[in-house]
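*Asks:* generate coordinates for the sequence data below:
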Amino acid sequence: MLLTIDLAIKRYNFSMRFIKHKGFVALFLFIVSLGVFAPSLKNNFVWDDHKFIIKKSSSLEASHITYMLLMPSIRSGKSIHYRPIMFISYVVDKKFWSISPFGFHLSNIIFHSVSTVLFYFMVLLILREFKVERKEPIAFLSSLFFALHPVHVEAVSFVSARSDLLCTIFFFLAFIFYVLSYRRLWFLVLTAFCFYLSLLSKEVAVAFPIVAIGFDLISRRFASRESILRYSILGVLILAYLYLRGRGYVIIPGIFSERFQLSVQDGTQIWGVLKVLLSSYLFYIKKLVFPFNINPFIATLSIGFYYLVSSILVIILLCIIGFISIRKREGITAFCIFWILTNLGPASLVAIFRVATMSVAERFLYIPSAGFCMLLGYFVIEAGERMKYQRTGWALGSLICIFYLFFTIWGQSIWKDDLSLWEYASKRSPYDAIPHSNYAEALNAVGKTDQAIEEFLIALNQGVRGTKKEKAAIANNLGNVFMYKKKEYSKAEEWFLKAVNYDTKYMATYYHLGLVYFRKGQAGNSVSDYRMAENYLNKALHYKDARVLLSMVYSVLGEREKAKKLLNEQVPSKR
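*Replies:* Predicted coordinates:
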């Protein structure tokens with residue numbers, strides 16, 4: 001018995017010595033981060049990867065980097081993305097791996113591992129600034145939580161979410177250099193450089209100056225002589241970013257839109273914005289604390305009375321805890337809470353202004369989770385210390401890591417391919433149209449046509465949520481299945497007409513209707529069918545395929561001059 005106790009003490013002492021060797025700890029954390037996400041290396045491209053990587057692979061060239069840096073207005077849906085650092089990373093990946101899912105996933109995993117190591121050193125610096133004892137074990141355990149946290153699965157396993165990883169790397173570096181600048185002012189140059197790279201990775205980095213000011217206030221450095229210089233540099237960088245991005249338009253998505261102006265003028269709109277803001281905060285805080293209910297597609301956010309009251313109570317409680325932390329001059333708890341709440345701001349704006357398909361997403365938690373992991377690591381180690389039995393804290397920390405590890409490994413299987421992703425998402429979000437539609441597309445791609453039709457019909461069900469444009473796209477895709485796979489042109493026409501009824505501005509449907517009537521004309525040699533094809537195709541002339549098909553219609557009708565003129569004209573831009 002005594003021998004067992006002696007052996008346990010020796011092992012514990014060895015662990016404590018290991019934790020104090022920062023180089024070994026950093027290497028260990030890097031390897032753990034790589035290992036836990038190694039299953040993602042077997043995953044394929046999914047979802048937006050097809051649009052931004054596979055379909056645009058020809059543009060992933062070094063010669064396009066300058067254009068991406070200087071021409072920010074690359075529109076994607078409702079928002080404008082200006083993320084040249086992510087584009088550069090894609091170019092490098094293509095250079096090394098061609099368009100290989102393995103290579104792109106490996107880069108994501110490496111970026112996560114680098115983030116974990118940087119987080120470790122950042123926590124050490126922050127704890128030292130707040131004069132926290134046992135900073136090495138706290139930083140180590142906090143970093144383990146960050147490496148293993150299940151909420152990171154989406155950011156790491158989804159290649160198109162890489163912007164969050166890259167933004168975080170430069171965000172952490174900027175904050176490390178910001179803290180070091182209190183000793184050597186020239187570190188501000190590195191702070192500015194890394195902060196700007198973070199902005200060029202993803203716009204959520206705009207929260208950095210607020211985090212820095214909060215750190216200065218809580219650590220009582222705000223009144224230092226260099227503060228004006230620090231904040232001026234950060235402010236100038238944000239203005240430069242705003243200008244380069246497009247003279248300040250949509251740095252906070254939608255903030256200059258008519259919708260926002262209505263929110264200001266109408267009290268009801270203001271209350272609606274406030275409800276979404278509070279509810280999104282509660283949603284994200286719940287995800288941080290209980291990250292086990294993974295959901296890759298969350299189109300709607302609960303804003304009911306219970307949810308609203310709960311969010312208010314939680315935020316008030318966090319503010320009280322932060323206030324007590326500051327009053328007791330402990331500081332680190334207040335700063336962790338401030339980090340979480342500040343970095344959740346940009347994610348909440350996405351929910352308010354609906355600039356993305358989804359109101360909320362787990363990948364948006366990558367930077368905010370750093371504050372939570374730091375706070376959790378601090379509480380676990382401090383709990384063990386106050387109980388005067390440190391191994392209790394380590395036992396609790398180990399238990400949390402085991403839970404995190406299990407759900408993180410399991411979560412990666414969801415992102416294996418489009419079929420597994422959308423099958424899972426359609427079950428988790430049964431009343432949202434897009435998961436069912438995307439699952440149908442995945443089924444259709446592997447030859448399961450009848451199952452695909454069933455899923456399309458579910459997506460078009462009246463009780464399933466979706467915008468008119470989304471429903472039009474789904475009906476159009478269903479028509480394509482009947483036209484190309486089933487060869488049932490009357491059924492295809494029926495669904496194309498329903499697509500037009502959903503949204504008369506959905507131009508792709510007019511092209512497909514033109515194709516249906518063109519084939520009818522070929523089958524029956526009917527001039528009226530060709531004229532119907534002409535009528536529909538004229539409504540979709542910004543599509544190159546529509547122009548080619550219309551020229552074929554004119555050729556069949558003997559109107560060769562019209563056909564020639566149509567092909568020689570420049571394709572009109574879509575408005």
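*Asks:* domains in this protein, by residue range?
*Replies:* 2-414, 418-568 (automatic domain parsing).
*Asks:* tell me the average confidence for the first one?
*Replies:* Spelled out, that is domain 2-414. Mean pLDDT, domain 2-414: 83.
*Asks:* mean neighbour count added to the domains of the chain, as TSV?
*Replies:* Any C-beta I mention is one placed from the backbone N, CA and C, and that applies to glycine too. Shown next, in TSV, are these (neighbours: other Cβ atoms under 10 Å):
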stretch	mean neighbour count
domain 2-414	18
domain 418-568	18
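*Asks:* hey, where'd the strands end up in the protein?
*Replies:* Ranges of strands in the chain, per DSSP state E, are 74-76, 79-81.
*Asks:* so what does the longest helix along the chain touch, helix or strand wise?
*Replies:* For the chain, the helix that runs over the most residues, judged by DSSP state H, is helix 101-129. In terms of contact count using 3 or more Cβ pairs under 8 Å, 6 or more residues apart in numbering; DSSP states H and E, helix 101-129 is assigned the packing partners helix 22-36, helix 84-97, helix 135-148, helix 153-157, helix 162-180, helix 332-353, helix 368-386.
*Asks:* return the distance of that helix from the chain's centre.
*Replies:* Averaged C-alpha coordinates place helix 101-129 at 17 Å from its chain's average position (Cα atoms, centre = their mean, to the nearest Å).
*Asks:* hang on, the earlier thing: what's the closest of the helices and strands packed on helix 101-129 to residue 244?
*Replies:* Across these, residue 244 has its closest neighbour in helix 84-97 (9.9 Å, Cβ to Cβ).
*Asks:* and the angle from the closest one to helix 162-180?
*Replies:* 120 degrees (axes from the mean of the first three to the mean of the last three Cα atoms, to 10 degrees).
*Asks:* export helix 84-97 as PDB, just CAs?
*Replies:* C-alpha atoms of helix 84-97 as PDB (Å, rounded to 0.1, in the frame of the first residue of the first chain):
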ATOM      1  CA  PRO A  84      -7.600  36.900 -48.900                       C
ATOM      2  CA  ILE A  85      -5.500  35.000 -46.300                       C
ATOM      3  CA  MET A  86      -7.900  32.000 -46.600                       C
ATOM      4  CA  PHE A  87      -7.500  32.300 -50.400                       C
ATOM      5  CA  ILE A  88      -3.700  32.200 -50.100                       C
ATOM      6  CA  SER A  89      -3.900  29.100 -47.900                       C
ATOM      7  CA  TYR A  90      -6.000  27.400 -50.600                       C
ATOM      8  CA  VAL A  91      -3.500  28.300 -53.300                       C
ATOM      9  CA  VAL A  92      -0.700  26.800 -51.200                       C
ATOM     10  CA  ASP A  93      -2.700  23.700 -50.600                       C
ATOM     11  CA  LYS A  94      -3.400  23.300 -54.200                       C
ATOM     12  CA  LYS A  95       0.300  23.700 -55.000                       C
ATOM     13  CA  PHE A  96       1.200  20.900 -52.600                       C
ATOM     14  CA  TRP A  97      -1.700  18.600 -52.800                       C
END
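*Asks:* elements contacting it?
*Replies:* Using 3+ Cβ pairs under 8 Å, 6+ apart: helix 84-97 touches helix 65-70, helix 101-129, helix 162-180, helix 187-201.
*Asks:* and these as JSON lines, adding distance to residue 394?
*Replies:* Formatted as JSON lines, the helices and strands packed on helix 84-97 follow (distance: least, Cβ to Cβ, whole Å):
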{"stretch": "helix 65-70", "distance to residue 394": "47"}
{"stretch": "helix 101-129", "distance to residue 394": "17"}
{"stretch": "helix 162-180", "distance to residue 394": "25"}
{"stretch": "helix 187-201", "distance to residue 394": "33"}
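*Asks:* so which of these is nearest residue 83?
*Replies:* helix 162-180 (5.0 Å).
*Asks:* what's the angle between the closest one and helix 332-353?
*Replies:* Using the same axes, to 10 degrees: helix 162-180 against helix 332-353 is 150 degrees.
*Asks:* from the contact counts, what lies against helix 162-180?
*Replies:* helix 84-97, helix 101-129, helix 153-157, helix 187-201, helix 208-218.
*Asks:* which one, of the ones you listed, ends up nearest to residue 499?
*Replies:* Of the helices and strands packed on helix 162-180, nearest to residue 499 by Cβ to Cβ is helix 153-157, at 30.8 Å.
*Asks:* distance between the ends of stretch 471-488?
*Replies:* The first and last residues of stretch 471-488 sit 21 Å apart, counting by Cα to Cα, to the nearest Å.
*Asks:* which residues does it contact?
*Replies:* Stretch 471-488 is contacted by residues 433, 437, 440-441, 444, 449, 452-453, 456-457, 459-460, 466, 489, 491-496, 498-500, 502-503, 506, 508-509, 512, 515-516 when judged by Cβ atoms under 8 Å, 6 or more residues apart in numbering.
*Asks:* with distance to residue 362 added, can I get the helices and strands packed on helix 162-180 in JSON lines?
*Replies:* Formatted as JSON lines, the helices and strands packed on helix 162-180 follow (distance: least, Cβ to Cβ, whole Å):
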{"stretch": "helix 84-97", "distance to residue 362": "18"}
{"stretch": "helix 101-129", "distance to residue 362": "14"}
{"stretch": "helix 153-157", "distance to residue 362": "4"}
{"stretch": "helix 187-201", "distance to residue 362": "18"}
{"stretch": "helix 208-218", "distance to residue 362": "21"}
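*Asks:* what's the closest of the ones you listed to residue 28?
*Replies:* Using Cβ to Cβ, the helices and strands packed on helix 162-180 put helix 101-129 closest to residue 28, at 9.7 Å.
*Asks:* quick one, the closest one and helix 332-353 angle?
*Replies:* 140 degrees.
*Asks:* now do helix 101-129 against helix 368-386, angle only.
*Replies:* 50 degrees.
*Asks:* ok, now which ones touch the nearest residue to residue 315 once chain neighbours are set aside?
*Replies:* Distance criterion Cβ to Cβ, 6 or more residues apart in numbering; nearest residue to residue 315, sequence neighbours excluded, is residue 281 at 6.2 Å. Counting by Cβ under 8 Å, 6+ apart, residue 281 touches 311, 314-315, 341, 344, 348.
*Asks:* check residue 107 too.
*Replies:* With Cβ under 8 Å, 6+ apart, residue 107 has these contacts: 89, 92-93, 162.
*Asks:* let me know the closest of the residues you listed to residue 226.
*Replies:* residue 89 (33.6 Å).
*Asks:* and that closest one, how far from residue 452?
*Replies:* Applying Cβ to Cβ, to the nearest Å, the value for residue 89 to residue 452 is 34 Å.
*Asks:* go on, residue 492?
*Replies:* Distance from residue 492 to residue 452, by Cβ to Cβ: 14 Å.
*Asks:* again with residue 394
*Replies:* Applying Cβ to Cβ, the value for residue 394 to residue 452 is 51 Å.
*Asks:* cool, residue 228 as well?
*Replies:* Using Cβ to Cβ, one obtains 62 Å as the distance from residue 228 to residue 452.
*Asks:* swap in residue 143?
*Replies:* Counting by Cβ to Cβ - residue 143 and residue 452 are separated by 44 Å.
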